[in-house]
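Undergrad: I'd like to go over a predicted model; first the sequence, then the structure.
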Amino acid sequence: MWENLSLKEVTECAKDPYPSIRRWKEQTKKAVIGSTIADVPEEVIYAFGFLPVALLGTSKPLKKAPSLLPDNACSLARSNLELALSYEGDLFDGFVLPQVCDTTQHLSDIWRINFPGRYVECFLAPRQVDRPSAKYWVKEETERMINSLHTRFGKTVSDDDLRKSFALHNENKELLKDIYEVKRKYPASITNKEFFSLIKLSMQVDKAEFNETLKKVKDGLVKTEVEGYIDVILAGITCDPPEIFDLLDEIKLNVVADTLVTGSRYLQGTIGNGMSPIDALTERHFKRGFYSPIHDNVYKGFNELKALCDKYKPRAVVYIHIEFCESEEYDLPDLKSMMRKEGIPMHVLSTEFQTLSLSHVRTRLQAFFESLTGGSL
Amino acid sequence: MSEKLSSKALSKKITDEYMDEAFRAHELGKLVGYTTAISPVELFVAHDIVPIYPENHAVANLTAKKGAEICSITENLGYTSHLCAYARTDLGYRESGKTITKGIPEPDIFLACNAQCFTLTKWFQVLARRGDLPVFVFDTPEYVMDKTARQEIVKYCVLQLKEVIAWLEQITKKKFNYDRLQEVLYYSAKSSILYKKFLDMAQYKPSPISIFDALIGMAIAVYRRGTPECVEYYQTLCDEIEEKVAKGIGVVQNEKYRLYWENLPVWFKFSDHAKLLASYGAVILTSLYVHAWSLDFDLTKDPLETLAQNYVDRFSNSTIEDRAAMAMDLFKRYDMNGMIMFMNRSCKAVSFAVPTLKDILVKKTGIPALVFESDMGDQRFYSETQIRTRIEAYFETLDQLHRKTA
């Protein structure tokens, strides 16, 4: 179903993947397990023979979530809750929900209470990551998640199952990295929207099938030098609605690097060999960027961005801030000031699921880049 | 023989001495450790570090109606208006020096326990950046309902407490004294029992205390836990309230409605709310918030284990179902017949649970709830007429129900 998609079909499917997931479920009779984006080890869910699906909000209207979460709750949290309660809840056989911040902690309770009888497990990610106890905890939680899936679904998972799943997921990330590398050098080969749709869909569909599409996309990229693109870095958690990528494409901004969870932070998640699968998963946890800036002192985010800027020499950084994400909001004033001191232009775009005015974003982006290029965009 | 001080005078004396020690900490060879209201402060006390709670300082300013003014200063620095009012008040104070108190001493180290919320972690990180100071995040995963998972959570927290101790030893170059910790825990345990006894006096009819008394009486439990003066204070307070009970003195005359309050208080409406409710014969008895310091240390256990257990299972770190069970216990024990559910823009950590909690409590008790949205400290988010109208309408509803069942 997802093994032979054109780039056009990828962007369409990424916008609303659920009809295809429904068809896949009907055909395969396999279980579908949803998870809000963060640090849940999706490889474990896949090793059980289930489809792990990252929930990335909905563009459909909010109907039920506003009565369950205050209006200053993270807009992704509200959107995901709406997605599950009003639109796609029946598709899922269960959910494994990560807890990484105040919002996700309460969301998992609300989810469990609103889906009585359904499998709803939480993954208690450590909110400190620099000490030995954090490693102990990730291992404990990974084992608890495996036991929980086993108890609920009556299936077992072997080390071999896990290793096969790791290999498939690693392959997916390597393919995406390869495509990213081509995109950096040859921006006309693939649009921002197409590329980030490839990542988004990778987080939602069966990789055994989708990797075939990625291979074909990779082989089909036309490596032609085209002038007129401006290199930029995207920072933040997610970039939504996807039409923002259209705006970037429209003014010929080429995303050469990013710190998005629905971007490079996902690609950092390859799993090493040479140790037990659980140990390998534990090691991986600390080698990728985390979902929430809750863990990190702002220096880490700054150093990461600075390193990317040093490496890729972009014209500017565009920080995509999800409205009401507190963790970002505590960091942003200092981050902006640090970037300013470095002489790196940074534009903060506040985005909101469902209610964002795109014309407003277009105007701001255009004005920012016109000012950078002396009105020659 | 000196005359025994009243609880009010004793509270002032303890607070003055505490702040004096805090401001002279370096002179006394001690460090100032900023920490969160819910955190294993016993480790600080045992290691001779003076604990300071920027939240308490913020509360003093918010109660004095300085919220909007000081928060605006922070917003001018680029922080959004929907961040915690405690944090905004603190950051504004540091920028401008504005405060109605003498301020608080500058920190040397930070211990952030996220059983309360993650906001404090980020807020402390902002403060730590100003002086490149060390921050320790004591991570308390949600105390989920699965018993085996709970055991693992406590183990994880014990491991971290050992890391806190190693961190303190490294910073102070001083060996941690476990015997001293045991002594500190003894005082914490004793004062917590008395604090709970004080809160539980709201069970009497008429109730000799309201939540406003509980909120005032809570301060010493927050910042002087682990000391003999904390024990003395709560003993004095309990004795005073017992006297009121013996004389049948209630907070309001003709007590009619005994209310539960969900969330933190609206600090700047403290006395207004008390007066308004009293005019309806209503008294707010309690909340989970004031019970957060009803700690229950088991002195027969390993001190780190009982510390971990206590700080991980606070209401703010429990599941909504557990939180509802805790509230239901209070409803039954205090025989409450009304509830006010405050959706606090400043405290997402507590407020996210409110709609679901309200549904559960209304279903279990059959009592209607008053829900209103505002902010605990920033007056710009408080709509006087709207909230007053809601309160009036709520009591009309309760009166109707009362008449039907009478």
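TA: Perfect, I can see it now.

Undergrad: A:Leu349 looks like it's in a strand, true?
TA: Yes: counting by DSSP: H, G, I helix; E, B strand; the rest coil, A:Leu349 is found in a strand.

Undergrad: Skipping adjacent residues, who's closest to it in space?
TA: Nearest residue to A:Leu349, sequence neighbours excluded (C-beta to C-beta, 6 or more residues apart in numbering or on different chains): A:Ile320, at 5.4 Å. From N, CA and C alone the C-beta is placed, and that goes for glycine too.

Undergrad: which residues sit in contact with that neighbour?
TA: The contact partners of A:Ile320, by C-beta atoms under 8 Å, 6 or more residues apart in numbering or on different chains, come to A:Leu234, A:Ala235, A:Gly236, A:Ile237, A:Thr238, A:Cys239, A:Ile244, A:Leu260, A:Leu349, A:Thr351.

Undergrad: repeat for B:Ala85
TA: If you count contacts by C-beta under 8 Å, 6+ apart, then B:Ala85 has B:Ala58, B:Leu62, B:Gly67, B:Cys71, B:Ser346, B:Asp375, B:Met376, B:Gly377, B:Asp378 around it.

Undergrad: Helix, strand, or coil at B:Tyr34?
TA: Going by three-state DSSP: B:Tyr34 is strand.

Undergrad: just to revisit the earlier point, the residue nearest to A:Leu349 looks like it's in a strand, true?
TA: Yes: the assignment for A:Ile320 is a strand, going by three-state DSSP.

Undergrad: The stretch 51-200 of chain A: strands as residue ranges?
TA: A:51-55, A:94-99, A:119-124 (DSSP state E, counting those that start in this stretch).

Undergrad: which stretch among those strands comes nearest chain B?
TA: Chain B sits nearest to strand A:119-124 of all the strands of the stretch 51-200 of chain A, at 3.9 Å, using C-beta to the nearest C-beta.

Undergrad: picking that back up, export the strands of the stretch 51-200 of chain A to a markdown table and tack on mean neighbour count and distance to chain B?
TA: Conversion of the strands of the stretch 51-200 of chain A to a markdown table gives the following (neighbours: other C-beta atoms under 10 Å in any protein chain shown; distance: least, C-beta to the nearest C-beta, whole Å):
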| stretch | mean neighbour count | distance to chain B |
| --- | --- | --- |
| strand A:51-55 | 23 | 18 |
| strand A:94-99 | 24 | 6 |
| strand A:119-124 | 23 | 4 |
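
Undergrad: pLDDT weak spots in the stretch 1-150 of chain A?
TA: Across the stretch 1-150 of chain A, not a single residue meets the criterion (pLDDT under 70).

Undergrad: For it, what lies in contact range of chain B?
TA: Within the stretch 1-150 of chain A, the residues that sit near chain B (C-beta under 8 Å from any C-beta of the partner chain) are A:67-70, A:72-73, A:99, A:101-103, A:105-110, A:112-113, A:122, A:124, A:126-128, A:131-134, A:136-137, A:140, A:144.

Undergrad: if we can go back for a sec, what's the spacing between the residue nearest to A:Leu349 and chain B?
TA: 16 Å (C-beta to the nearest C-beta, to the nearest Å).

Undergrad: Could you give the bridge partners of that residue?
TA: Counting by DSSP bridges, A:Ile320 is bridged to A:Gly236, A:Leu349.

Undergrad: got TSV for the strands of the stretch 51-200 of chain A, with distance to A:Phe368 too?
TA: Shown next, in TSV, are the strands of the stretch 51-200 of chain A (distance: least, C-beta to C-beta, whole Å):
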stretch	distance to A:Phe368
strand A:51-55	30
strand A:94-99	33
strand A:119-124	38
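
Undergrad: Go through the ones you listed and name the closest to A:Leu332.
TA: strand A:94-99 (22.9 Å; C-beta to C-beta).
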